[in-house]
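**Student:** Structure for this input, please:
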Amino acid sequence: MKRIGIIGVGEIGRAIVMGLRYGGDTSTEVFLSPRGARTGAELVEGFGGVQVCADNQDVVDRSELVIIAVRRQDRQDALAGLRVDSDKIVVNVMAGVANDDLRQTLATDAQLVRAIPLPAIRERRSVTVVYPSHPEVDALFGQLGGALPVADEAAFDVFSALTGTLTTHYTYLATLTSWAADQGIASDDADRYVRSLFQGVGRSLNDETRSLSQLAADHETPNGNNERIRTTWFSQANSEALKKALDGLLADLR
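**Tutor:** A predicted model of the protein is given here:
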């Protein structure tokens with residue numbers, strides 16, 4: 001795929017451009033929508049072969065594959081009146097917007113594929129869930145860290161719900177840092193240590209020979225500190241509350 005357009009140049013749009021250019025790769029031309037002028041200008045200045053188009057129709061016309069990354073609530077305004085020929089491939093990365101909904105908005109027979117690219121795609125380190133499987137789209141995200149095609153849109157929505165836990169994890173780490181500061185530790189030292197601690201956890205996730213439960217067990221000593229925090233804070237009630245929150249998010253996505 002040599003010509004890729006992105007409508008909606010927010011955090012994910014930026015990450016996709018950075019992933020496409022990672023390691024100096026210039027094998028594709030990239031066309032950006034004009035909204036989000038500051039981000040677009042930064043990407044044009046930072047990377048060769050990236051252009052900001054006159055409007056969204058210009059993005060579509062110049063591209064073989066178009067990634068739609070606008071916010072769900074903005075899609076009607078952003079996509080109204082667009083003409084998308086049937087030979088285009090459209091990648092829908094809008095959370096909670098089914099392909100049938102998008103097809104109705106665009107009134108097109110083009111091939112539509114949903115995807116969940118994450119910010120780590122900028123370093124080609126993110127597995128991207130896609131539905132339905134499509135050779136060109138699978139190859140694109142395979143290049144950017146890996147593609148995970150799923151069987152149907154119901155499964156896709158489950159993975160979409162899982163992404164809703166990302167900022168909870170960051171807030172958990174921020175809470176640990178804040179607690180250490182409350183105990184008199186310098187904020188910078190607490191921040192540095194917590195980052196190092198959980199970067200190590202991240203690296204351990206590369207060991208796919210052990211399940212997540214096994215990794216937890218291997219890092220825990222009976223009656224030790226980790227077991228104490230896990231059993232007193234992350235209780236069964238806590239676990240069920242998290243699952244209930246995910247159930248509610250999944251219901252909204254569907």
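**Student:** quick one, domains of this protein?
**Tutor:** Domain assignment of the chain by automatic domain parsing yields the ranges 3-156, 166-253.
**Student:** can you redo those domains as CSV with mean neighbour count and mean pLDDT?
**Tutor:** Just so you know, the C-beta spots here come from the backbone N, C-alpha and C atoms, and that holds for glycine as well. Conversion of these to CSV gives the following (neighbours: other CB atoms under 10 Å; pLDDT from 0 to 100):
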stretch, mean neighbour count, mean pLDDT
domain 3-156, 18, 93
domain 166-253, 11, 92
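**Student:** Tell me who's in contact with Glu64.
**Tutor:** Glu64 sits next to Met1, Lys2, Arg3, Ile4, Lys88, Ile89 when contact means CB atoms under 8 Å, 6 or more residues apart in numbering.
**Student:** Going by distance to Thr165, which of these wins?
**Tutor:** Closest approach to Thr165 among those (CB to CB): Ile4, at 28.9 Å.
**Student:** pretty sure that closest one is touching Ala69, no?
**Tutor:** No: under the criterion of CB atoms under 8 Å, Ile4 lies out of contact with Ala69, with a separation of 11.7 Å.
**Student:** Surely Arg83 touches Gln57?
**Tutor:** Yes: counting by CB under 8 Å, Gln57 is a contact partner of Arg83 at 6.7 Å.
**Student:** Tabulate the contacts of Glu64 (CSV), appending distance to Asp77.
**Tutor:** Putting those into CSV (distance: CB to CB, whole Å) gives the following:
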residue, distance to Asp77
Met1, 27
Lys2, 30
Arg3, 25
Ile4, 23
Lys88, 21
Ile89, 23
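**Student:** Max pairwise distance over those residues: which two?
**Tutor:** Spatial extent of the contacts of Glu64 (CB to CB) is set by the pair Lys2 and Lys88 at 13.6 Å.
**Student:** ok, the residue nearest to Ser204 when sequence neighbours are not counted - contacts?
**Tutor:** Spatially, and ignoring its direct neighbours in sequence, Ser204 is nearest to Leu215 (6.0 Å; CB to CB, 6 or more residues apart in numbering). For Leu215, the contacting residues are Ser204, Leu205, Asp207, by CB under 8 Å, 6+ apart.
**Student:** Likewise for Ser86?
**Tutor:** With CB under 8 Å, 6+ apart as the criterion, the residues that contact Ser86 are Thr108, Asp109, Ala110.
**Student:** Name the nearest residue to the first one, sequence neighbours excluded.
**Tutor:** Pointing back at Thr108 there. Nearest one to Thr108, counting by CB to CB, 6+ apart, is Val84 at 4.1 Å.
**Student:** Which helix or strand lies directly C-terminal to the host helix or strand of Thr231?
**Tutor:** Element membership for Thr231, per DSSP states H and E: helix 225-232. Scanning forward in sequence from helix 225-232, with DSSP H and E defining helices and strands, the next element found is helix 236-253.
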